[in-house]
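Participant: Structure of the sequence below:
(one chain, ligands or ions: 1)
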Amino acid sequence: MTTADHTHVDHLIVGAGFGGLCAAIKLEEDGERDFVVIEKGSGVGGTWRDNTYPGAACDVPSQLYSYSFALNPDWSMSFSPQPEIEAYIRGVAEGSGTLDRFVFDTAMTSATWDETQQRWLVETEGKAGKKTYAATTVIAGPGALSEPRLPEIEGIEDFQGEIFHSAKWNHDADLTGKRVAVIGTGASSIQIVPELQERVAHLDVYQRTAPWVIPRNEHRYTKAEKLAFRHIPGVQKLARTAIYWGREAYVPAFAWKPKLAAPAKAMAKLNIRRGIKDPELRRKVTPDYEIGCKRILISNRYYPALDADNVDLITDGIAKVTGSSIVAKDGTEREIDVLVVATGFYTTDLPIAHSVVGSKGRTMSERFAETGMSAYKGTTIPEFPNLFFVVGPNTGLGHSSMVFIIESQVAYIRDAIRTMRTNAYATVEPTEDATSAWNDDLQRKMGPSVWSQGGCASWYLDEHGRNTTLWPSFTFLFRHLTSTFDVDKYVVTAANGQQA
Ligand code: N01
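Facilitator: Numbering: from 1, shown residues only. This is a model prediction of the structure:
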């Protein structure tokens with residue numbers, strides 16, 4: 001329905017990545033067809049559409065990195081390259097019958113709770129201009145790793161050569177035979193570095209903190225395996241289940257008993273010895289904190305690339321960037337043509353939180369400044385009625401597939417919407433008590449874990465050192481806790497505005 005200045009919809013979904021698409025498909029299945037998906041990019045895929053850098057691939061096994069309702073027997077590798085994942089998501093979207101309600105190249109600029117209408121007024125801006133939606137619910141799936149973070153380095157804005165972030169790769173820039181620098185040594189960088197090493201004249205890699213890198217146990221699926229996945233009932237599910245439980249077995253090591261992580265650490269050290277001959281370089285790349293504290297990376301090619309003659313690893317820190325060079329803190333200046341900034345994303349200061357205004361008239365980030373970034377079950381937040389996050393606070397994983405978490409959250413949201421329909425509730429909003437109890441318990445579990453106490457700084461932690469991004473336990477537990485909408489933990493109102 002469209003009134004003079006608003007288009008009314010039952011549900012407005014923000015983002016067309018794995019999360020937003022899953023929500024759209026499941027709403028459709030429930031007959032909740034009055035929804036719109038607002039997506040700032042020009043297609044589905046989220047992070048898998050944006051991260052097209054050379055070497056981009058998943059570090060979670062392919063079998064786990066798909067929806068449970070759309071298994072893919074055709075993965076080519078045990079860890080999928082980015083183009084295959086993007087194509088997979090596109091294929092699922094095209095087969096879902098929901099794409100007619102996706103609005104691409106359009107960003108949500110603000111969402112404000114309107115108490116009178118008991119709706120979200122969502123302003124959007126895109127190719128077709130500005131538009132306001134009045135939505136009963138907002139399902140926010142903007143992604144936890146979607147807003148590139150640029151480093152604050154003196155002079156970087158004056159650099160005259162090509163400069164781009166890993167998540168915004170400039171494919172028009174020909175790097176062949178160039179002098180290139182990469183800042184950062186996280187998951188993106190270690191995939192980029194081996195690709196660039198083969199192509200550029202010289203590569204400088206600026207490492208602030210060494211990552212733990214274990215071997216990538218890569219396997220190309222044979223024709224026979226693919227046929228079995230496709231035609232023999234249960235084979236692919238079995239493979240998926242075995243990998244799932246293998247991953248869950250990491251949790252006790254990282255969450256409670258760091259000694260159990262010793263084999264992973266030994267594997268990573270062996271990876272260094274195998275990949276690097278130079279003892280000084282081996283020393284530089286050996287981390288000084290517990291394995292798992294930052295995301296554990298996987299690569300067979302990163303260390304050999306660093307050891308190549310045309311690569312320098314610089315660990316002295318960056319003093320400044322000039323028009324054509326980087327000056328390290330020891331004063332050494334290195335001329336470059338191209339600067340790749342692989343410095344990660346805004347994770348603990350979610351950009352969307354700045355533009356969502358709740359029932360108390362303050363933004364979500366103003367609330368978070370007081371409470372820390374937190375939600376009830378990673379999904380709902382007091383003051384923000386009828387707003388549901390997919391991949392919200394403390395739902396990230398250091399060990400397994402986010403698609404599992406996404407499906408769990410979407411199941412919870414579906415049940416919430418069913419509950420609202422069945423009981424004619426106009427609004428649902430988690431209580432402050434339930435939210436703080438959930439988060440106190442979560443932080444208690446997080447406390448002793450390597451994700452919080454592993455002796456490193458990481459994107460998991462906020463500026464107070466509090467881990468607001470990861471789920472600190474088994475994923476099956478998260479699934480269990482989100483299996484039904486627990487309305488008793490919510491303040492609910494009926495359509496007349498009275499508490500129900
Ligand atoms: O980003 P990061 P990423 N000066 O934040 C350094 C997922 N992912 O894009 O460690 C100098 O991990 C920073 O140094 P330090 C995955 O979840 C998945 O690589 O903070 N250096 C670090 O080395 C991953 O964890 C895949 O000291 C600076 C690097 O930049 C997440 O995305 C592939 C700096 C940033 O590493 C993010 O990975 C890629 C500065 N001012 C990514 N600022 C898969 O395979 C930052 N750094 C699925």
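
Participant: only C-alpha atoms for contact and neighbour calcs from this point on.
Facilitator: Will do.

Participant: Pretty sure residue 420 sits against residue 426.
Facilitator: Yes - here residue 420 lies in contact with residue 426, judged by Cα atoms under 8 Å, at a distance of 6.9 Å.

Participant: who's more crowded, the two?
Facilitator: Between residue 420 and residue 426, counted using other Cα atoms under 10 Å, residue 426 has the larger neighbour count: 23 against 19.

Participant: in what helix or strand does the more buried one lie?
Facilitator: strand 425-430 (DSSP states H and E).

Participant: Show me what the helix or strand following that strand packs onto, helices and strands only.
Facilitator: Following strand 425-430 in sequence order, the next helix or strand is helix 432-446 (DSSP H and E). In this structure, helix 432-446 makes packing contacts with no helix or strand, judged by 3 or more Cα pairs under 8 Å, 6 or more residues apart in numbering; DSSP states H and E.

Participant: Excluding its own residues, what touches helix 432-446? List them.
Facilitator: 255, 374-377, 381-382, 452, 467, 471-473, 489 (Cα atoms under 8 Å, 6 or more residues apart in numbering).

Participant: Phi, psi for the closest residue to residue 458 other than its chain neighbours please.
Facilitator: Excluding the flanking residues, the one nearest residue 458 by Cα to Cα, 6 or more residues apart in numbering is residue 294, at 5.7 Å. Residue 294 adopts backbone torsions of phi -100, psi 170, taken as degrees, to the nearest 10.

Participant: check contacts around residue 294.
Facilitator: Residue 294 neighbours (Cα under 8 Å, 6+ apart): 211-212, 451, 456-460.

Participant: which one of these is nearest residue 260?
Facilitator: residue 451 (14.6 Å; Cα to Cα).

Participant: Next, the closest one: phi, psi?
Facilitator: Dihedral angles phi and psi of residue 451 (degrees, to the nearest 10) take the values phi -70, psi -20.

Participant: what secondary structure does the closest residue to it other than its chain neighbours sit in?
Facilitator: Leaving out its chain neighbours, the residue that sits closest to residue 451 by Cα to Cα, 6+ apart is residue 293, at 4.7 Å. Three-state secondary structure (criterion: DSSP: H, G, I helix; E, B strand; the rest coil) places residue 293 in coil.

Participant: Tell me how far residue 293 lies from the ligand.
Facilitator: Residue 293 sits at a distance of 10 Å from the ligand (criterion: Cα to the nearest ligand atom, to the nearest Å).

Participant: Then residue 89?
Facilitator: 15 Å.

Participant: Residue 334 now?
Facilitator: 15 Å.

Participant: okay, now the domains of the protein?
Facilitator: By the assignment in the TED database, the chain contains the domains 7-146+346-494, 162-219+226-341.

Participant: Just the terminal-to-terminal distance for the longest one.
Facilitator: This means domain 7-146+346-494. 23 Å (Cα to Cα, to the nearest Å).

Participant: The shortest one too?
Facilitator: Taking Cα to Cα, the span from the opening residue of domain 162-219+226-341 to its closing residue is 11 Å.

Participant: mind checking how far stretch 235-246 is from the chain centre?
Facilitator: Centroid separation for stretch 235-246 versus its chain: 23 Å, with Cα atoms, centre = their mean, to the nearest Å.

Participant: So which residues make contact with that stretch?
Facilitator: Residues outside stretch 235-246 that contact it (Cα under 8 Å, 6+ apart) are 61, 63-64, 71, 73, 228-230, 400.

Participant: Can you flag the buried ones in those residues?
Facilitator: 61, 63-64, 71, 73, 229-230, 400 (16 or more other Cα atoms under 10 Å).

Participant: Verify the contact between residue 300 and residue 216 for me.
Facilitator: Yes - using Cα under 8 Å, residue 300 is in contact with residue 216, at 5.6 Å.

Participant: Tell me which of those two has more neighbours.
Facilitator: The residue with more neighbours, out of residue 300 and residue 216, is residue 300; 20 against 15, by other Cα under 10 Å.

Participant: Spatially nearest residue to the more buried one, not counting backbone neighbours?
Facilitator: residue 215 (5.2 Å).

Participant: what's the burial count for the one you found?
Facilitator: 17.

Participant: which residues does it contact?
Facilitator: Residues in contact with residue 215 (Cα under 8 Å, 6+ apart) are 267-268, 271, 298-300.

Participant: Export the contacts of residue 294 as a markdown table, with columns for secondary structure, pLDDT and distance to the ligand.
Facilitator: Compiled in a markdown table, the contacts of residue 294 are given as follows (DSSP: H, G, I helix; E, B strand; the rest coil; pLDDT from 0 to 100; distance: Cα to the nearest ligand atom, whole Å):
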| residue | secondary structure | pLDDT | distance to the ligand |
| --- | --- | --- | --- |
| 211 | coil | 97 | 7 |
| 212 | coil | 97 | 11 |
| 451 | helix | 90 | 12 |
| 456 | coil | 92 | 8 |
| 457 | coil | 90 | 6 |
| 458 | coil | 91 | 6 |
| 459 | coil | 93 | 6 |
| 460 | coil | 93 | 9 |
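
Participant: ok, now how distant is the residue nearest to residue 212 when sequence neighbours are not counted from the ligand?
Facilitator: Closest residue to residue 212 apart from its sequence neighbours, by Cα to Cα, 6+ apart: residue 296 at 5.6 Å. Computed with Cα to the nearest ligand atom, the distance linking residue 296 and the ligand is 8 Å.

Participant: Count residues in the vicinity of residue 296, would you?
Facilitator: The burial count for residue 296: 19, using other Cα under 10 Å.

Participant: and it, how far is that from residue 135?
Facilitator: Distance of residue 296 to residue 135, given as Cα to Cα: 40 Å.

Participant: which phi and psi does residue 319 have?
Facilitator: According to degrees, to the nearest 10, residue 319 has phi -80, psi -50.
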